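[1] Provide a 3D model corresponding to the input given below.
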Amino acid sequence: MKKFFLVCFSLIVITTLSACQTNKYNNVIKDKAPDPSISIEDLGNSNKERPNIFYFDTEQGRSLFDVIFWDELKEDHYYQGQIKNNDVKIDTVFKGNKIEVGPLPKSYELAMTFSQKEPFPSNILGKVKDDKGHTYNWKQSYEREDADHDYLINLPKFKGKKAKVALRMIWLNKNGDCIGVADKFFILEKQ
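    Okay, here's the model as predicted:
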């Protein structure tokens, strides 16, 4: 009987400690807007053991990340700006910033991922400006099939060879109020 109580007590202590650590980690992660991982995979690559994937990493100078509004996801402080259209001025953002250009294969999958402990945005407002001066806008909700699948970005076809991409992530609370806005920027070149 003592062993039973000892096992139960141990499980309770472990569960309590885990819950405290998880809450502490979640509170820390919510203090700043999460910078998503963006990758592009060449689906035409015949080598299945080593897929050809390019990561648009901010730290390696392959993308830019800009937080427009983030207030620790407080439910009583909302963003008052435009959240229906991506109004970012792409040329201004990239002016003076050197970014490694990523490949855009003929057959590809462009994906975005967040850590499981980070809050996912509600919507993505996309904008593409190609080197011929054409601009394309789109909106998509952030819905994943499950935890094992990345979120796919529905990049529109563009006419030029190169394109600057701006993805505006919008976090909404359950009432539809905007509690966070952040932008991810990168450049693609058709292969």
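
[2] next one: phi and psi at the most centrally placed residue in the chain?
    For the chain, the residue lying nearest the average C-alpha position, counting by C-alpha atoms, centre = their mean, turns out to be residue 36 (3.3 Å). Dihedral angles of residue 36 (phi, psi; degrees, to the nearest 10) stand at phi -70, psi 160.

[3] Quick check, it in contact with residue 111.
    No: at 9.6 Å, residue 36 does not count as touching residue 111 under the criterion of C-beta atoms under 8 Å. All C-beta atoms are positioned from the backbone trio N, CA, C, and that covers glycine.

[4] Identify the contacts common to those two.
    Here residue 36 and residue 111 have no joint contacts, going by C-beta atoms under 8 Å, 6 or more residues apart in numbering.

[5] can you map out the helices along the chain?
    Assigned by DSSP state H, the helices in the chain fall at 2-29, 90-94.

[6] Name the stretch from those helices where average model confidence is lowest.
    Of all those, mean pLDDT reaches its minimum on helix 2-29 (a mean of 42).

[7] tell me the domain boundaries of this protein?
    1-30, 34-190 (automatic domain parsing).

[8] Point to the helix or strand of the protein where mean pLDDT is at its lowest.
    helix 2-29 (a mean of 42; mean pLDDT, DSSP states H and E).

[9] quick one: buried residues of the longest strand along the chain?
    If you go by DSSP state E, the chain has its longest strand at strand 178-190. Buried residues in strand 178-190, counting neighbours by 16 or more other C-beta atoms under 10 Å, are found at 178-188.

[10] With that, I have no additional questions.
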